[in-house]
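*Asks:* give me coordinates for this.
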Amino acid sequence: MHCNHIENDCVCDVVRRIVVAQNKVAPDSECCNTSCEDSIEKLLSPNSTTSPQPTTIPIMLYCTSTCDPFVGKGIKKSYADCNNGYFFPVESYVFRAKDFVEGSYCCAVLEILSPYYGDHSSCSNKPKIYKHTKHPSDSPYDKWMKDNKKKSIKNFVATGVCLTVNLNKFIGVACLDPITPMKM
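*Replies:* Next comes the predicted model:
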């Protein structure tokens, strides 16, 4: 089903279906620690060569006023073995729809998924997360795309950083192929 007509809840309906599909293949009992139709179909009918079975349809949301992708930002505390812990910023345009707020049709909990490039820090085997560099005249999304074109994204990392958003504030949703995000 594609949204060929104007409807306020189009993005809400798609994200709601993604949450239902993800919960059918791997119920999300943890706290927060291409096309959408194709991605939903791939998640529910995985190819026998796909191992392990994907558990997540990564999504990008597009803001109503600018048509730019929405960037989620948060702060995560690290407890790496080689230090006493520290806070660091986490930001990305890619999310996992975790759940809907109880009693709400369009308020969703989204987990920030950070790109993983296949390298490891010297302190631990934890995935290195996205940190963007400066590109003076570009929009934030253009900067992010330039940073990620320089290296191949191998997977996404489930950061455990979640945002509660009103999906009525978005004009569109883009789905990536199903994956199983890495744990941070």
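
*Asks:* tell me where the protein has helices.
*Replies:* 10-25, 36-44, 140-149 (DSSP state H).

*Asks:* enumerate every residue touching the residue nearest to residue 53 when sequence neighbours are not counted.
*Replies:* Distances taken as CB to CB, 6 or more residues apart in numbering put residue 46 closest to residue 53, at 4.9 Å, once the chain neighbours are dropped. To be clear about C-beta, it is placed using only N, CA and C from the backbone, and glycine gets the same treatment. Applying CB atoms under 8 Å, 6 or more residues apart in numbering to residue 46 gives the contacts 53-54, 178.

*Asks:* send me stretch 62-75 as CSV with only the CA atoms.
*Replies:* Taking Å, rounded to 0.1, in the frame of the first residue of the first chain, the C-alpha atoms of stretch 62-75 are listed here in CSV:
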residue,chain,number,x,y,z
TYR,A,62,11.4,13.5,6.4
CYS,A,63,10.4,16.7,8.1
THR,A,64,7.2,18.5,6.9
SER,A,65,8.6,22.0,6.7
THR,A,66,11.9,21.4,4.9
CYS,A,67,11.6,17.9,3.3
ASP,A,68,15.0,17.2,4.8
PRO,A,69,15.6,14.0,6.8
PHE,A,70,15.1,14.3,10.5
VAL,A,71,18.2,13.9,12.6
GLY,A,72,18.0,12.4,16.0
LYS,A,73,20.4,13.6,18.6
GLY,A,74,21.2,12.3,22.1
ILE,A,75,23.8,11.6,24.7
